[in-house]
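Participant: With the input below, show me the fold.
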Amino acid sequence: QAPIKATCEDMSCKTGFPEDVHSAVVSRSVHGGQPLLNVRFRSCDRNKKIHFGSSEPEDFRVGEDGVVYAERSFQLSAEPTEFVVSAQDKETQQEWQMRVKLTPEPAFTGASEKDQRKIEEIIFPWQQYKHSSPLKRQKRDWVIPPINLPENSKGPFPQELVRIRSDRDKSLSLRYSVTGPGADQPPTGIFIINPISGQLSVTKPLDREQIASFHLRAHAVDVNGNQVENPIDIVINVIDMNDNRPEFLHQVWNGTVPEGSKPGTYVMTVTAIDADDPNAQNGMLRYRILSQAPSSPSPNMFTINNETGDIITVAAGLDREKVQQYTLIIQATDMEGNPTYGLSNTATAVIAVTDVNDNPPEFTAMTFYGEVPENRVDVVVANLTVTDKDQPHTPAWNAMYRMTGGDPTGRFAILTDPNSNDGLVTVVKPIDFETNRMFVLTVAAENQVPLAKGIQHPPQSTATVSITVIDVNESPYFVPNPKLVRQEEGLLAGSMLTTFTAQDPDRYMQQTSLRYSKLSDPANWLKIDPVNGQITTTAVLDRESIYVQNNMYNATFLASDNGIPPMSGTGTLQIYLLDINDNAPQVHPKEATTCETMQPNAINITAVDPDIDPNAGPFAFELPDTPASIKRNWTIVRISGDHAQLSLRIRFLEAGIYDVPIVITDSGNPHASSTSLLKVKVCQCDLNGDCTDVDRIVGAGLGTGAIIAILLCIIILLILVLMFVVWMKRRDKERQAKQLLIDPEDDVRDNILKYDEEGGGEEDQDYDLSQLQQPDTVEPDAIKPVGIRRLDERPIHAEPQYPVRSAAPHPGDIGDFINEGLKAADNDPTAPPYDSLLVFDYEGSGSTAGSLSSLNSSSSGGEQDYDYLNDWGPRFKKLADMYGGGDD
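Facilitator: Below is the predicted model of the structure:
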């Protein structure tokens with residue numbers, strides 16, 4: 001590069017370009033947006049607005065500051081590139097032009113160039129203007145052409161690049177510095193500058209794949225740090241070297257191509273990338289196919305576009321049934337495919353040959369056979385098999401079957417088995433052996449998609465299906481079914497109604513005659529002869545029966561044969577019953593209410609007849625002649641064909657319940673009449689005609705339901721009372737089982753202890769009269785709880801037999817019983833001191849009662865006065881009666 005200098009050739013000012021042709025040397029590879037050079041334009045009037053333009057606007061753009069930029073990335077050819085830069089005054093429209101010639105820099109020849117070239121100088125630009133003042137520096141700077149530096153340089157380092165100086169360094173002591181990425185910004189330390197000499201150097205090898213260019217700014221200041229020159233921009237481009245191999249985006253590429261494709265059919269695209277400059281030969285790739293497997297039917301079935309990587313077919317004969325897949329080895333080489341200097345890499349392309357319908361289905365036999373029992377549906381009678389060389393389970397392989405002849409009534413259908421691709425001939429309508437014994441069907445098979453063009457095969461295959469029908473025992477059937485018979489009701493039992501017979505469709509089977517039986521007869525009115533099917537009645541036919549709906553009675557009969565297996569059929573007999581006048585009309589409702597007086601007292605009644613027209617209404621209403629009180633008290637008037645009005649004839653009728661007979665006659669021929677009782681409740685009414693004593697009248701005449709309800713209530717109440725009595729008796733028995741066997745009023749011990757008083761007074765409490773209790777009432781030891789005994793009870797030993805009191809003692813035997821017990825105790829060695837009878841030798845004093853010691857004396861009981869027992873209350877009444885009653 002030649003040094004760029006700013007000189008003042010002419011002190012006079014002339015607006016325009018300083019030269020007609022401007023030459024510049026730039027790198028061969030140009031990037032979009034890259035500044036290339038700065039055009040110099042002199043303007044004598046700084047206020048003028050100059051607009052720059054380019055004759056090649058698609059390649060070059062000139063900024064307002066005169067800097068020429070590349071609009072796109074491209075490679076400069078070996079010949080110089082020329083274009084015109086124009087400058088136009090926007091006010092005066094005056095235009096100036098200059099031709100620019102760009103020459104690509106020569107190829108880098110190695111480190112020896114250092115010795116051959118001179119270190120270039122970059123001088124801070126300046127320009128003078130002639131005014132009344134001394135010379136002044138122009139504010140707008142020039143753009144320095146880029147510095148090109150190859151990557152991966154081997155040094156030695158630091159390697160000098162350029163020298164930056166100012167033309168004022170002769171008069172001033174200056175200091176130089178650079179700023180920007182690669183200098184004082186990350187990555188720092190790549191570029192350094194000698195502050196005294198301005199020598200700019202690189203400290204290590206560069207890698208274009210990491211940073212393709214560096215944008216630095218050079219500064220010049222004096223020793224005091226004052227800026228002497230405006231900073232200038234320095235662009236350092238890293239020149240690419242071929243140091244990267246191509247890399248495929250995928251190591252294995254998958255593509256498809258239909259079989260039978262014509263030459264030139266696109267298959268797929270493979271892509272490789274190179275980290276080197278794609279606009280230089282180092283990054284320009286070329287593709288080629290190294291191998292193909294298998295090599296049939298041709299070793300060169302495919303080719304590849306060496307620039308785009310598109311793979312296309314170049315030969316015919318792709319057949320999936322023969323070769324289903326091809327494997328290609330693809331090579332990518334940089335340096336535009338130069339096998340000597342370029343770097344290469346390989347990848348695999350797997351091409352699957354997809355199926356097309358080039359093979360129609362073919363039947364494995366010309367005739368298929370099957371058989372089917374008659375009257376069977378939804379059964380497979382024949383299995384049609386085909387072969388197809390296309391890929392299974394694809395539209396080109398799936399078969400569709402259709403019948404082309406032999407089935408005019410549509411009794412068969414052919415379904416396709418999705419797994420085996422077989423055709424399943426199925427019966428969809430019943431077949432009668434007596435009508436058709438054999439079918440010969442013509443079927444065709446074809447694929448779901450049509451055959452590919454140019455295939456020399458018929459599109460479908462045909463075959464014949466022979467189906468034999470097997471005779472089976474069929475069910476007999478009644479004719480007609482249902483059978484309708486019109487008959488008047490009232491037909492007597494034993495009458496012949498009709499004949500209902502069936503037919504057997506099996507004409508070619510040796511069978512006996514049919515047998516008939518009754519299957520359903522809700523009213524049990526009919527019977528059928530098992531041989532000839534003659535139906536007779538077993539009861540009177542009644543149209544008004546609950547089993548008759550809309551005058552129709554239905555009965556079902558069964559016909560059975562003796563085939564193998566036996567079969568049977570049913571038939572329905574419908575009897576339409578014609579009405580006869582066999583029912584007399586009745587009054588409705590059966591009960592009514594009216595007032596005691598004539599007004600208002602009308603009762604509306606309705607006649608009801610189970611028969612239908614003409615044996616029903618209009619009806620005639622009248623009152624009977626007897627009893628005479630009916631016509632005397634009541635009158636009836638017909639108000640319509642079915643309705644009449646009953647009212648009082650007399651002015652007043654005493655409240656009560658009256659049975660009014662009404663004679664109703666229908667319109668049948670002959671007439672039918674009946675006398676119906678209407679229960680009329682006559683009551684006292686208010687001014688509105690409402691009854692005021694309905695409760696009294698209703699109570700006087702209770703209905704059957706009310707009487708039944710009352711009886712049920714009484715029965716339930718009696719049952720509850722009986723249950724309560726039983727419960728009380730059971731509770732008394734349980735209580736008596738736990739009490740003494742004698743009545744509490746007869747228990748002397750209990751009566752005395754309740755009063756806590758003896759003849760000796762309140763202080764005399766040392767006595768025990770437990771022995772006064774009857775011995776036979778004492779609980780046996782067996783039922784006493786273990787370990788519980790009375791304090792005055794003697795230990796358990798062999799004891800003598802004490803006298804036993806009779807079940808019904810005499811009032812005077814208690815004294816004898818006590819004496820006998822005393823003697824037994826005296827003679828019992830085990831009695832003292834446990835027998836409390838020995839502890840009553842002291843009775844106390846002051847007691848109004850006599851001493852019990854009299855029991856030991858010889859005085860008779862008659863001398864004792866027991867009248868005081870009457871003063872002791874009702875509990876001692878028994879003793880008072882026994883001992884205080886005198887001689888009685």
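Participant: and the longest strand for the protein?
Facilitator: When the chain is parsed with DSSP state E, its longest strand is strand 227-239.
Participant: Quick check: buried residues in that one?
Facilitator: 229, 231-239 (16 or more other Cβ atoms under 10 Å). Bear in mind the C-beta positions are built from the backbone N, C-alpha and C, glycine included.
Participant: try stretch 387-400
Facilitator: Those buried within stretch 387-400 under the rule 16+ other Cβ under 10 Å are 388-391, 394, 396-399.
Participant: same check, this time on stretch 303-317
Facilitator: Buried, per 16+ other Cβ under 10 Å, within stretch 303-317: 303-304, 306, 309, 311-313.
Participant: Please apply the same query to stretch 77-93.
Facilitator: So stretch 77-93, judged by 16+ other Cβ under 10 Å, has buried residues 81, 83, 85, 87-89.
Participant: For those residues, give me TSV that also has distance to residue 514.
Facilitator: Below are the buried residues of stretch 77-93 laid out as TSV (distance: Cβ to Cβ, whole Å):
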residue	distance to residue 514
81	115
83	116
85	121
87	124
88	122
89	126
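Participant: Which of those fall in strands?
Facilitator: Using DSSP E, these in strands are 81, 83, 85, 87-89.
Participant: Please pull out the lowest mean pLDDT helix or strand from the protein.
Facilitator: helix 113-116 (a mean of 40; mean pLDDT, DSSP states H and E).
Participant: what's the next secondary structure element after that one?
Facilitator: For helix 113-116, the succeeding helix or strand toward the C-terminus, using DSSP states H and E, is strand 120-123.
Participant: Which strands or helices does that following strand pack on?
Facilitator: Here strand 120-123 touches strand 159-165, going by 3 or more Cβ pairs under 8 Å, 6 or more residues apart in numbering; DSSP states H and E.
Participant: Name every strand pairing with the strand it packs on and say which way it goes.
Facilitator: Strand 159-165 pairs in its sheet with strand 120-123 (parallel), strand 199-202 (antiparallel), by DSSP bridges.
Participant: Highest mean neighbour count across the ones you listed, which stretch is it?
Facilitator: Burial of the strands paired with strand 159-165 is given as mean neighbour count (mean count of other Cβ atoms under 10 Å); strand 199-202 ranks first at a mean of 20.
Participant: what's next to that one, contact-wise?
Facilitator: 119, 149, 153, 157-164, 178, 190-194, 218, 234 (Cβ atoms under 8 Å, 6 or more residues apart in numbering).
Participant: Using a markdown table, please lay out the strands paired with strand 159-165 together with distance to residue 432.
Facilitator: Below are these laid out as a markdown table (distance: least, Cβ to Cβ, whole Å):
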| stretch | distance to residue 432 |
| --- | --- |
| strand 120-123 | 114 |
| strand 199-202 | 106 |
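Participant: Tell me, how many residues neighbour residue 438?
Facilitator: By the criterion of other Cβ atoms under 10 Å, residue 438 has 9 neighbours.
Participant: pLDDT wise, what is the closest residue to it other than its chain neighbours at?
Facilitator: The shortest distance from residue 438 to any non-neighbouring residue, by Cβ to Cβ, 6 or more residues apart in numbering, is to residue 468 (5.5 Å). Per-residue pLDDT puts residue 468 at 91.
Participant: Where does residue 468 fall, secondary structure wise?
Facilitator: Using DSSP H and E, residue 468 sits within strand 461-470.
Participant: In contact with residue 89, which residues?
Facilitator: By Cβ under 8 Å, 6+ apart, the contact list for residue 89 reads 48-50, 95.
Participant: cutoff 7 Å now
Facilitator: Each residue near residue 89 by Cβ atoms under 7 Å, 6 or more residues apart in numbering is listed here: 48, 50.
Participant: For it, give its distance to residue 40.
Facilitator: Going from residue 89 to residue 40 by Cβ to Cβ, to the nearest Å gives 17 Å.
Participant: Mind naming the longest helix for the protein?
Facilitator: helix 704-738 (DSSP state H).
Participant: what helix or strand is the residue lying closest to residue 360 once chain neighbours are set aside on?
Facilitator: Leaving aside its chain neighbours, residue 360 sits nearest to residue 457 (5.2 Å; criterion: Cβ to Cβ, 6+ apart). Under DSSP H and E, no helix or strand contains residue 457.
Participant: if we can go back for a sec, ok, so of the buried residues of strand 227-239, who is nearest residue 410?
Facilitator: Of all the buried residues of strand 227-239, residue 410 sits closest to residue 238, with 84.6 Å by Cβ to Cβ.
Participant: can you pull up the bridge partners for the closest one?
Facilitator: Here residue 238, judged by DSSP bridges, has bridge partners residue 149.
Participant: now do residue 258
Facilitator: Counting by DSSP bridges, the residues bridging with residue 258 are residue 354.
Participant: what does the helix or strand harbouring residue 68 rub up against?
Facilitator: For residue 68, the element it lies in under DSSP H and E is strand 67-70. Contacts with strand 67-70, where a contact means Cβ under 7 Å, 6+ apart, come from 30-39, 60-63, 85, 143.
Participant: Mind jotting down where the strands sit in the stretch 551-700 of the chain?
Facilitator: 552-560, 568-578, 586-588, 591-595, 603-608, 620-622, 634-638, 643-648, 656-665, 673-683 (DSSP state E, counting those that start in this stretch).
Participant: ok, back up a step: just put the buried residues of stretch 303-317 in TSV and tack on distance to residue 520, pLDDT and secondary structure.
Facilitator: Shown next, in TSV, are the buried residues of stretch 303-317 (distance: Cβ to Cβ, whole Å; pLDDT from 0 to 100; DSSP: H, G, I helix; E, B strand; the rest coil):
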residue	distance to residue 520	pLDDT	secondary structure
303	88	95	strand
304	88	96	strand
306	94	93	coil
309	87	95	coil
311	82	96	strand
312	83	96	strand
313	80	95	strand
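Participant: Please convert these to a markdown table, extending it with distance to residue 496.
Facilitator: Output for the buried residues of stretch 303-317, formatted as a markdown table (distance: Cβ to Cβ, whole Å):
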| residue | distance to residue 496 |
| --- | --- |
| 303 | 102 |
| 304 | 103 |
| 306 | 109 |
| 309 | 103 |
| 311 | 98 |
| 312 | 97 |
| 313 | 94 |
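Participant: thinking again about what came up before, in its sheet, what does the helix or strand just after the strand holding residue 68 sit against?
Facilitator: Toward the C-terminus, strand 67-70 is succeeded by strand 74-75 as the next helix or strand (DSSP H and E). Using DSSP bridges, the strands paired with strand 74-75 are strand 29-30 (antiparallel).
Participant: now the strand it pairs with: mean pLDDT?
Facilitator: 81.
Participant: Okay, now the unreliable bits of the stretch 651-800 of the chain?
Facilitator: 693-703, 737-800 (pLDDT under 70).
Participant: No further questions, thank you.
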